[in-house]
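> predicted structure and sequence below. I'll ask about it afterward.
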Amino acid sequence: KAGVTQTPRYLIKTRGQQVTLSCSPISGHRSVSWYQQTPGQGLQFLFEYFSETQRNKGNFPGRFSGRQFSNSRSEMNVSTLELGDSALYLCASSFKTDNSPLHFGNGTRLTVT
Amino acid sequence: ELKVEQNPLFLSMQEGKNYTIYCNYSTTSDRLYWYRQDPGKSLESLFVLLSNGAVKQEGRLMASLDTKARLSTLHITAAVHDLSATYFCAVDILGGNKLVFGAGTILRVKS
């Protein structure tokens, strides 16, 4: 069974640009969440989608957005990149919204210069 | 605001020894998760604890949950080098997979 697939694995962008990250969940999983991991702030929740609807959102500025498609694949977009957006972005999927463990992808390492 | 605190944040263990990682959280919840992360890798689910008194064991690791004390423990028995990793606990109070993670415990097992 294929795991959660995130593309690309690495990205280098310049301040002010925008970026789109992609996530393909495990087959049959309808919930997709996104997390940001940095050495200073640790793992922080960005947002969660279930059946194409955003169900929860973390405390991030509006520059961070996401969406989910009918096949459960998800994208997140960060506009007007700042140096502080450099982080590992992790996508996770689960079968149900509650009580099931999240299965994480290998992440996208974003570096903003 | 939910806060999740782990201690210790760094643990250097001798092979064969036992130790416990503690995870305290500030708001009532009966859903707690433990994850493992190897350097440069993603998070791997270890345990899902869904009720007061829940105890789960896998190999040399055992996790428990006391919802009244808002405390979960991850006990390591007879540590081996392969257990070296960072361990995170995470709490879900709102559902919808909005997890709040602890800072992580870096575990190093020395031979």
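Sure thing, it's come through.

> contacts, neighbours, all on C-alpha from now
OK.

> tell me the predicted confidence for residue 79.
Using chain A. Looking at A:S79, its pLDDT stands at 96.

> right idea, wrong chain: chain B
93.

> which ones are touching it?
With contact set as CA atoms under 8 Å, 6 or more residues apart in numbering or on different chains, B:A79 has these partners: B:13-18, B:60, B:109.

> contact residues of chain A facing chain B?
Contact residues (CA under 8 Å from any CA of the partner chain) of chain A with chain B: A:33, A:42-45, A:47-48, A:55-56, A:58, A:90, A:97-107.

> send me stretch B:23-39 as PDB with only the CA atoms.
The C-alpha trace of stretch B:23-39 is given here as PDB (Å, rounded to 0.1, in the frame of the first residue of the first chain):
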ATOM      1  CA  CYS B  23       3.800  14.300  28.300                       C
ATOM      2  CA  ASN B  24       1.600  16.700  30.200                       C
ATOM      3  CA  TYR B  25      -1.200  18.700  28.600                       C
ATOM      4  CA  SER B  26      -3.300  21.600  29.800                       C
ATOM      5  CA  THR B  27      -6.800  20.900  28.600                       C
ATOM      6  CA  THR B  28      -9.100  17.800  29.000                       C
ATOM      7  CA  SER B  29      -8.700  15.400  26.200                       C
ATOM      8  CA  ASP B  30      -9.000  11.600  25.700                       C
ATOM      9  CA  ARG B  31      -7.100  11.400  22.400                       C
ATOM     10  CA  LEU B  32      -3.400  11.300  22.600                       C
ATOM     11  CA  TYR B  33      -0.900  10.100  20.100                       C
ATOM     12  CA  TRP B  34       2.800   9.200  20.200                       C
ATOM     13  CA  TYR B  35       5.000   9.500  17.100                       C
ATOM     14  CA  ARG B  36       8.600   8.800  16.300                       C
ATOM     15  CA  GLN B  37      10.800  10.800  13.900                       C
ATOM     16  CA  ASP B  38      14.200   9.700  12.700                       C
ATOM     17  CA  PRO B  39      16.700  12.400  11.500                       C
END
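
> which parts of chain B are strands?
Here chain B has its strands, by DSSP state E, at B:4-7, B:10-14, B:19-25, B:32-37, B:43-49, B:55-58, B:61-66, B:71-76, B:85-92, B:99-101, B:105-110.

> nearest spatial neighbour of B:L50, chain-adjacent residues omitted?
B:R31 (4.6 Å; CA to CA, 6 or more residues apart in numbering or on different chains).

> cool, B:L83 as well?
Nearest to B:L83 is B:V109, by CA to CA, 6+ apart, at 7.0 Å.

> for that neighbour, list each beta-bridge partner.
B:M13 (DSSP bridges).

> correct me, but it touches B:A85?
No - if you go by CA atoms under 8 Å, B:V109 and B:A85 don't touch, sitting 9.0 Å apart.

> can you redo the strands of chain B as TSV with mean pLDDT?
Output for the strands of chain B, formatted as TSV (pLDDT from 0 to 100):
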stretch	mean pLDDT
strand B:4-7	97
strand B:10-14	94
strand B:19-25	97
strand B:32-37	96
strand B:43-49	94
strand B:55-58	96
strand B:61-66	96
strand B:71-76	97
strand B:85-92	95
strand B:99-101	93
strand B:105-110	96
